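K.L.:
Here is a sequence with its predicted model. Questions after.
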Protein chains: 2
Amino acid sequence: MKLLIVEDDLALSDVLAFTLRRAGFTVALAYDGLAALAVWEREQPDLLVLDLNLPKLDGLAVCRQIRAQSDLPIIILSVRGGDEAVVQGLELGADDYVVKPFSPSQLVARVKALLRRAGRYATPGQLEIGEWVLDRGRNELQSSDSPPIRLTPLETRLLESLLQHTGQVLPSDTLIQLIWGHEGGDRAMLKQLVYRLRTKLETNPAHSLTIENVPGIGYTVEVRTED
Amino acid sequence: MKLLIVEDDLALSDVLAFTLRRAGFTVALAYDGLAALAVWEREQPDLLVLDLNLPKLDGLAVCRQIRAQSDLPIIILSVRGGDEAVVQGLELGADDYVVKPFSPSQLVARVKALLRRAGRYATPGQLEIGEWVLDRGRNELQSSDSPPIRLTPLETRLLESLLQHTGQVLPSDTLIQLIWGHEGGDRAMLKQLVYRLRTKLETNPAHSLTIENVPGIGYTVEVRTED
DNA sequence: TACGGGGGTAACAAAAAGGTAACAGAGGAA
DNA sequence: TTCCTCTGTTACCTTTTTGTTACCCCCGTA
């Protein structure tokens, strides 16, 4: 399980990395906000430990950016322990907020608790739904009884977003955010992408996986389990 | 979204219940460990807020028992803030551990963060009335024992407005404001909308949900509970 | 009886949202 | 280079949703 620690205090960063590695995690490090985003992109960690007070790009901004594009578990570290700060951090999408100073062992426990809750202990690069497996690492959708369907990177992200929220209707704007990030992406492109993905899903004889539209809101995925 | 608060300090319990209810949650209460298990069974809450120091049955024991049978999100409250206590609580299966004293607003934020992470927050906008659930996230009206009725965005807003003021008669002008905002919308359109919504509500065999007119004033919703 | 207002019903038109298709540019691989 | 794939762009068609208008009924009152 890979963690990304973003902390500019080198002493603390070292201690955390040491403790977490001893607890069995793989650790990647970043020392400022911009680097954090780059490393996140490259390393695809399973959890982020994020200090708020960072050079170059504020921790809250990092949190917001990442949360806009993924549901990566995030634990914020901060010296600011006031209610407002905590509430703000959590509302921005963080999952936990730990006030400094704290003990490394407590952080380890919180990391484990969050990973457990986020269900990341299971399939790091694979999403299982019914008879389907979405392999994010190789951009394809595998079924037990038919050849895999090759997807493009964008199609993979779309399907991933939908599958991670099975049963919910994802608003178009939310989807656009999840797929293209802040800038770039509009309704027309989403329309296109949905169309292309649907076309591919239909190539499967028993297309038990369909994308439904809810007018005025967005899209959902329907998983028909075998009758 | 229903929360179960297990706390034997009545003063604190009251404050928490009040704050959480104001945040839009439904709250069930229990004051000792045995009661907690009973209420949990009966109420099937979506999240548990659990004090550790309880009469009759220790909080940790409650946590262990519940965790053994379900993956209910659990937040522990405790005066014991030492590392060992926190680690022990989290390792027992709790998702978060808040040390007293804390502010209600922070607890609300943590509750929300955990629900979000647990994927139980799937329903940020559901209105429950009798056997009906108005799902604003997907524009439909669901009943326990019949297929959902699909609504258009405007119909959803109309029904939502009416349901939020069950028992009151909403003047036509107020409704127009609520549905169309400042500009746009007139009596004729409201008439039409009410007509269309009624038509859809009638498709349900036992139409226990009807929209009544009060001449010269406006409309109300009538909820007939089962006889 | 005639008149007028409020409300219900209906048909039709306009506008918005969604689906489909064709095409072009970027960039990588052969 | 040439040939791919992937992505973005645009256009056009279909469906859904919303707005418009007209006509009816009921009821109270002049």
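P.N.:
That came through, no problem.
K.L.:
tell me the contacts of the residue of chain A found nearest DNA strand D?
P.N.:
Evaluated by C-beta to the nearest atom of the strand, chain A has A:T152 as its residue closest to DNA strand D, separated by 2.7 Å. In this view, the C-beta of every residue, glycine as well, is placed from N, C-alpha and C. Neighbouring residues of A:T152 by C-beta atoms under 8 Å, 6 or more residues apart in numbering or on different chains: A:139, A:196.
K.L.:
what does chain A have sitting close to DNA strand D?
P.N.:
By C-beta under 7 Å from any atom of the strand, the part of chain A that sits against DNA strand D consists of A:150, A:152-155, A:180, A:184-186, A:188-189, A:191-193, A:196, A:215-216.
K.L.:
Next, check those residues against the helices and list the overlap.
P.N.:
A:153-155, A:180, A:188-189, A:191-193, A:196 (DSSP state H).
K.L.:
Can you say which of these are buried?
P.N.:
Among these, those classed as buried by 16 or more other C-beta atoms under 10 Å in any protein chain shown are A:154-155, A:180, A:193.
K.L.:
What residue spans form the domains of chain A?
P.N.:
A:2-118, A:126-223 (automatic domain parsing).
K.L.:
chain center to the longest one, what's the gap?
P.N.:
Relative to its parent chain, domain A:2-118 has a centroid offset of 14 Å by C-alpha atoms, centre = their mean, to the nearest Å.
K.L.:
Kindly report the same for the shortest one.
P.N.:
In terms of C-alpha atoms, centre = their mean, the gap separating the centre of domain A:126-223 from the centre of its chain is 15 Å.
K.L.:
Can I get the ones in helices among the residues of chain A next to DNA strand D in TSV including pLDDT?
P.N.:
As requested, those are exported to TSV (pLDDT from 0 to 100):
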residue	pLDDT
A:P153	92
A:L154	93
A:E155	94
A:W180	86
A:A188	92
A:M189	94
A:K191	95
A:Q192	95
A:L193	96
A:R196	95
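K.L.:
number of nearby residues for A:S161?
P.N.:
The local packing of A:S161 (other C-beta atoms under 10 Å in any protein chain shown) involves 20 other residues.
K.L.:
looking at chain A, which helix or strand is least sure?
P.N.:
Lowest on mean pLDDT, DSSP states H and E among the helices and strands of chain A sits strand A:126-129, with a mean of 70.
K.L.:
Tell me the strands beside whatever helix or strand comes next after it, with direction?
P.N.:
Using DSSP states H and E, the helix or strand that follows strand A:126-129 in sequence is strand A:132-135. Using DSSP bridges, the strands paired with strand A:132-135 in its sheet are strand A:126-129 (antiparallel), strand A:140-143 (antiparallel).
K.L.:
what does strand A:132-135 contact?
P.N.:
Contacts for strand A:132-135 (C-beta under 8 Å, 6+ apart): A:125-128, A:140-143, A:148, A:156, A:159-160, A:163, A:208-209, A:223.
K.L.:
Let me know whether A:S13 touches A:T19 as I believe.
P.N.:
No: contact status for A:S13 versus A:T19: not in contact, 11.1 Å apart, counting by C-beta atoms under 8 Å.
K.L.:
Tell me which of the strands paired with strand A:132-135 sits nearest to B:V87.
P.N.:
Among these, the nearest to B:V87 by C-beta to C-beta is strand A:126-129 (30.8 Å).
K.L.:
all helices for chain A, in order.
P.N.:
Using DSSP H, the helices of chain A run over residues A:10-22, A:33-43, A:59-69, A:83-91, A:104-118, A:153-164, A:172-180, A:187-202.
K.L.:
would you turn those helices into CSV with distance to B:W40?
P.N.:
What follows is these, written out as CSV (distance: least, C-beta to C-beta, whole Å):
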stretch, distance to B:W40
helix A:10-22, 34
helix A:33-43, 38
helix A:59-69, 31
helix A:83-91, 25
helix A:104-118, 18
helix A:153-164, 28
helix A:172-180, 33
helix A:187-202, 41
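K.L.:
To B:S172, which of these lies closest?
P.N.:
helix A:172-180 (32.1 Å).
K.L.:
That closest one and chain B in contact?
P.N.:
No: on the criterion C-beta under 8 Å from any C-beta of the partner chain, helix A:172-180 is out of touch with chain B, staying 10.9 Å away.
K.L.:
packing partners for that helix?
P.N.:
Counting by 3 or more C-beta pairs under 8 Å, 6 or more residues apart in numbering or on different chains; DSSP states H and E, the packing neighbours recorded for helix A:172-180 are helix A:59-69, helix A:153-164, helix A:187-202, strand A:218-223.
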